[in-house]
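Engineer: sequence isn't available, so here's the structure alone:
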């Protein structure tokens, strides 16, 4: 996403088989496109909800002829966007477990986000919640299959593992899998872990553009100057765009 932001999305389609796989593929492709448009998490879920409704309507004629040829009509999803400049995590949910956040001091909490209806189901509009994260926090998104038939106990074990210090995210992932899945999983399991990084002030550039006609005139002059290979004549104005300093790449953890 723009502005060095990162989107993390985990979802699960109701049912099994090729129809469920095809539906997940279409939801995944739509999610990539919506994230590229810089939409907020709750707006992404609203568009995915519309897609699930259309898919259900398209499958009705086929289901009438063949009851076995039924398209999944609901799905769950958790969508999170982390901004390394403001250090804010914005989360929206559609019938999916809330992401967990492990702070550097070992404190683990749920990311504040009200739960919404599953995708394709009736219910109120989706809402988003914000959480400010210190640098080095660990974000965990997962599906129901990871916590088993007893969600409270499974989430409690997951919290304990996330609270332990690990040098790399991969070590945390291995510890979660070995602890939560002692044998063959009864349901599909997805675990997404991401450790946050923050951008320093010297890695961020910002400016303010004039509003109204004055702003448009300035943008027109700046565009003409770029085409001519020079800066606009005259002293710098409040809306002049300074050169953007290079931003060093953020190294991934582990």
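Structural biologist: In hand now; what should we look at? What you see is a predicted model, and the numbers here were worked out from it, not measured in a lab.

Engineer: so where's the chain shaky on pLDDT?
Structural biologist: Residues of the chain that meet the criterion pLDDT under 70 lie in 59-72, 182-186, 209, 229-254.

Engineer: could you redo the last one with a cut-off of 50?
Structural biologist: Segments of the chain classed as low confidence (criterion: pLDDT under 50) are 231-239, 241-242, 244, 247, 251, 254.

Engineer: helices of that one, start to end?
Structural biologist: For the chain, the helices defined by DSSP state H occupy 18-36, 41-65, 151-163, 169-180, 212-228.

Engineer: among the ones you listed, which comes closest to residue 97?
Structural biologist: helix 151-163 (7.7 Å; Cβ to Cβ). All C-beta atoms are positioned from the backbone trio N, CA, C, and that covers glycine.

Engineer: which residues are contacting that closest one?
Structural biologist: Outside of helix 151-163, the residues within contact range by Cβ atoms under 8 Å, 6 or more residues apart in numbering are 97, 100, 102, 106-108, 138, 140, 142, 144, 146-148, 172, 175-176, 179-180.

Engineer: what comes up buried for that helix?
Structural biologist: 154-155, 157-159, 161-162 (16 or more other Cβ atoms under 10 Å).

Engineer: how many residues are close by residue 147?
Structural biologist: 20 (other Cβ atoms under 10 Å).

Engineer: list the contacts of it.
Structural biologist: Counting by Cβ under 8 Å, 6+ apart, residue 147 makes contact with 97, 153-155, 158, 180.

Engineer: okay, those residues in JSON lines with distance to residue 49 next?
Structural biologist: As requested, the contacts of residue 147 are exported to JSON lines (distance: Cβ to Cβ, whole Å):
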{"residue": "97", "distance to residue 49": "18"}
{"residue": "153", "distance to residue 49": "31"}
{"residue": "154", "distance to residue 49": "27"}
{"residue": "155", "distance to residue 49": "26"}
{"residue": "158", "distance to residue 49": "28"}
{"residue": "180", "distance to residue 49": "30"}
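
Engineer: ok, which of the helices of the chain comes nearest residue 11?
Structural biologist: Put simply, out of the helices of the chain the one that sits nearest residue 11 is helix 18-36, at 6.3 Å, with distance taken as Cβ to Cβ.

Engineer: just want the angle from the closest one to helix 41-65.
Structural biologist: Relative orientation of helix 18-36 versus helix 41-65 (axes from the mean of the first three to the mean of the last three Cα atoms, to 10 degrees): 150 degrees.

Engineer: list the helices and strands helix 18-36 packs on?
Structural biologist: Counting contacts by 3 or more Cβ pairs under 8 Å, 6 or more residues apart in numbering; DSSP states H and E, the secondary-structure elements packed against helix 18-36 are strand 6-13, helix 41-65, strand 75-83.

Engineer: what's the angle from the last one to helix 18-36?
Structural biologist: Strand 75-83 runs at 20 degrees relative to helix 18-36, counting by the same axes, to 10 degrees.

Engineer: then the shortest one?
Structural biologist: With the same axes, to 10 degrees as the basis, strand 6-13 and helix 18-36 are set at 160 degrees to each other.

Engineer: just checking: what are the partner strands of strand 6-13?
Structural biologist: Paired strands of strand 6-13, with direction, are strand 75-83 (antiparallel) (DSSP bridges).

Engineer: and the strand it pairs with, which residues are buried?
Structural biologist: Within strand 75-83, the residues scored as buried using 16+ other Cβ under 10 Å are 75-83.

Engineer: save the helices and strands packed on helix 18-36 as TSV, and put in distance to residue 89 too.
Structural biologist: As requested, the helices and strands packed on helix 18-36 are arranged in TSV below (distance: least, Cβ to Cβ, whole Å):
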stretch	distance to residue 89
strand 6-13	9
helix 41-65	10
strand 75-83	5
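
Engineer: deepest of the ones you listed, which one?
Structural biologist: The highest mean neighbour count among the helices and strands packed on helix 18-36 belongs to strand 75-83 (a mean of 25), with neighbours defined as mean count of other Cβ atoms under 10 Å.
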